[in-house]
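In: here is a sequence with its predicted model. Questions after.
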Amino acid sequence: MLRKRLGVNIDHVATLRQARRGATPEPAAAAAIAELSGADGITVHLREDRRHIQDGDLTALRNIVTTRINLEMAATEEMTRIACELKPRSATLVPEKREEITTEGGLDVLGQREALIATVARLKTAGILVSMFIDPDLAQVRASRQVAADAVELHTGTYCEAFRTGKYGEELARIRVAAFYGGSLGLKVFAGHGLDVRNIVPVLAIEGIEEFNIGHSIIARAIFLGLPAAVKEIADLIHLGGGRSFPSTRDGTRSVPLE
């Protein structure tokens, strides 16, 4: 059986630091704690406007991370150059707009195929596994294969919003079909955005998804539980594939207790 992995996104540790433009809390320290608490990798998004993660954080992470670094990045010349110098284990190409609060939706690989082919080639030449952050849409999955990506990360944000209403079957099905299709094309399949200890449980049952990148919900839980416990809570859930017996929510899905 495929062992599922947890990538902990530490961007919002840097968000807190940047609120005062100070030195703490340190993202690299958070990465070390996350690894010790069960994370299989560390994810960071170096944005064009440097709103949270800074260039110096990448150097610190390269020196301290013992698992793997996944760099989320826009497909720009600047970010491609930085990635090729850093040489993270993987790079995830994401859409990026200055006015957005967080990444909104998946990358339009289909509409940017020609430009992305060159970016993917440069990253792969540097020995970096390349993933496309896309909506669970079959045309986008196919386009990701056409630009020679190694993997796709399925955007789970719409599903997570639907989960809050209890009517998420259609969105879950889209993720399941996209994951199967990606696997059939030889792509590795990951998932992320908006996932937490409750809404991840149905997604864990989908075969073929091998990695989950989660940040905001872990950092939010860490305020009350502490970072080690917040990471361990969801790491254990992912590593067990959602197989533990948890109480049911009102919509019938299993969930870990929050108290």
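Out: Ah, there it is.
In: which helices and strands does the helix or strand harbouring Thr43 pack with?
Out: Taking DSSP states H and E as the criterion, Thr43 maps to strand 41-45. Helices and strands touching strand 41-45, by 3 or more CB pairs under 8 Å, 6 or more residues apart in numbering; DSSP states H and E, are strand 5-9, helix 11-18, helix 27-36, helix 55-64, strand 69-73. Placement of C-beta: from N, CA and C, glycine included.
In: if we use 7 Å, what do you get?
Out: For strand 41-45, the elements it packs on are strand 5-9, helix 55-64, strand 69-73, judged by 3 or more CB pairs under 7 Å, 6 or more residues apart in numbering; DSSP states H and E.
In: now it - C-alpha only, PDB.
Out: C-alpha atoms of strand 41-45 as PDB (Å, rounded to 0.1, in the frame of the first residue of the first chain):
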ATOM      1  CA  GLY A  41       8.700  17.400   4.100                       C
ATOM      2  CA  ILE A  42       8.500  21.200   4.400                       C
ATOM      3  CA  THR A  43       6.700  23.400   1.900                       C
ATOM      4  CA  VAL A  44       7.300  27.100   1.400                       C
ATOM      5  CA  HIS A  45       6.000  29.600  -1.100                       C
END
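In: now do that strand: everything it contacts.
Out: 5, 7-11, 31, 34, 53, 57, 61, 65, 67-72, 213, 215 (CB atoms under 7 Å, 6 or more residues apart in numbering).
In: still on that earlier bit, of the helices and strands packed on strand 41-45, which approaches Thr15 most closely?
Out: strand 5-9 (11.0 Å; CB to CB).
In: can I get that closest one in CSV, CA atoms only?
Out: The C-alpha trace of strand 5-9 is given here as CSV (Å, rounded to 0.1, in the frame of the first residue of the first chain):
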residue,chain,number,x,y,z
ARG,A,5,3.1,11.7,3.2
LEU,A,6,2.6,15.1,5.0
GLY,A,7,4.2,18.2,3.8
VAL,A,8,3.9,21.0,6.3
ASN,A,9,3.7,24.5,4.8
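In: pLDDT (mean, whole number) over that strand?
Out: Mean pLDDT, strand 5-9: 98.
In: and the strands in this structure?
Out: 5-9, 41-45, 69-73, 90-93, 129-134, 151-155, 188-192, 209-214 (DSSP state E).
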